[in-house]
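# pasting a predicted model and its sequence here:
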Amino acid sequence: MKRSDFVRQCGTECDFSGSDSWVILSPIEQSIKQKIEAVGTPLKDWDINIYRGVLTGYNDAFIISTEKRNEILANCQTEDERKRTAELIRPILRGRDIKRYGYDWAGLYLIATFPSRHYDIEMYPAVKAHLLFFGIERLEQTGKTHIVNGEKVKARKKTNNKWFETQDSISYWEDFSKPKIMYPNMTKYMPFYYDEKGFYQNDKSFMITGKHIPFLTAFLNSSLFKFCFRDNFPELLGGTRELRKIFFDKISVIKVSDEINNDFKREVTNLQSNYTREKATTIDRMLFDLYGLTEEERKVIGYIEIK
């Protein structure tokens, strides 16, 4: 077949008039994506919040093992101090720990001394002793360089925060305890986990809180989302994609009723308790039905699981 004949038979028209990123799709792929976007609302107009996880400025001091947590609690002098300290030290997931509909917890905890909470470190002497082990020169937030025992020690970035506080203020600290979607900021696999356990998270991940989070979890983990929107996120070296808020804001998702959200919540929690491909495809079919996709469109999308 001549090149001109191939172009004439297989060519398709694409609209590159906008300033957004674009991909070349077949006619039916374009049709499916347009169909999904036509009935959806951009996530920036949803009643949700997207926040980055916690930037401590010095993870060696603030992100600790289970053993270190137990040691700090054992060093508390009174039961009241132990209770206060246990509440301050919270389980944390890193970006790498988040999986599709699940997580692999590494047994790590965060010392959550957020500046927005205005903690008095003297109320937490065991935590204070742990942090001082690393040196106040290293933990102070001045940006200065000190000489300690003949070696240069660089303080954390200059802020108005105190030496024992995290680098981020975290005014949204209450959202960590709300039902939320957790996901890594850089990933090949685009995994999303629905969390009701109150995990905190590091700055290599994001969370989404707000209305109809279970349904949104199902949509973001679905074959439909990957088929239509995976290429909306820039591909970096090695096939990794960057899941920044500015890209999520433009994703259009159909809004649902509380009843439909509850239906998806039941399926999502069931799947997260015991993941199977059959359960995942059930959620895919629910979404296909919700969007009114034809049999042909469903076959074109298929089942997409990025491994």
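Looks like it arrived, so ask away. Values in this document were obtained by computation on a predicted structure and should not be read as measured data. Numbering: from 1, shown residues only.
# lowest average confidence, helix or strand, in the protein?
Within the chain, confidence by mean pLDDT, DSSP states H and E is lowest for helix 3-10 among all helices and strands, at a mean of 48.
# from the chain's centroid, how far away is stretch 209-226?
Relative to the chain's own centre, stretch 209-226 is displaced by 12 Å; criterion: CA atoms, centre = their mean, to the nearest Å.
# again with stretch 251-261
Taking CA atoms, centre = their mean, the mean C-alpha location of stretch 251-261 is offset from the chain mean by 20 Å.
# now swap in stretch 221-233 and tell me
Between the centre of stretch 221-233 and the centre of its chain there are 16 Å (CA atoms, centre = their mean).
# do the same with stretch 253-268
Centroid displacement of stretch 253-268 relative to its chain, using CA atoms, centre = their mean, is 20 Å.
# next one: stretch 292-301
For stretch 292-301, the distance to the chain centre is 29 Å (CA atoms, centre = their mean).
# so Tyr193 touches Pro179, yeah?
No. In this structure Tyr193 lies outside contact range of Pro179 using CB atoms under 8 Å: 11.4 Å. Backbone N, C-alpha and C define where each C-beta goes, glycine included.
# of the two, who's got more company?
Ranked by neighbour count (other CB atoms under 10 Å), Tyr193 and Pro179 place Tyr193 first, with 25 against 17.
# so who does the residue nearest to the more buried one when sequence neighbours are not counted touch?
Excluding its sequence neighbours, the residue lying closest to Tyr193 (CB to CB, 6 or more residues apart in numbering) is Met182, at 4.8 Å. Going by CB atoms under 8 Å, 6 or more residues apart in numbering, Met182 touches Leu93, Ile98, Tyr103, Phe192, Tyr193, Asp195, Phe199, Gln201, Ser205, Phe206, Met207.
# shouldn't Met182 be within a helix?
No. Applying DSSP: H, G, I helix; E, B strand; the rest coil, one finds Met182 to be strand, outside a helix.
# many thanks, I have nothing further to ask.
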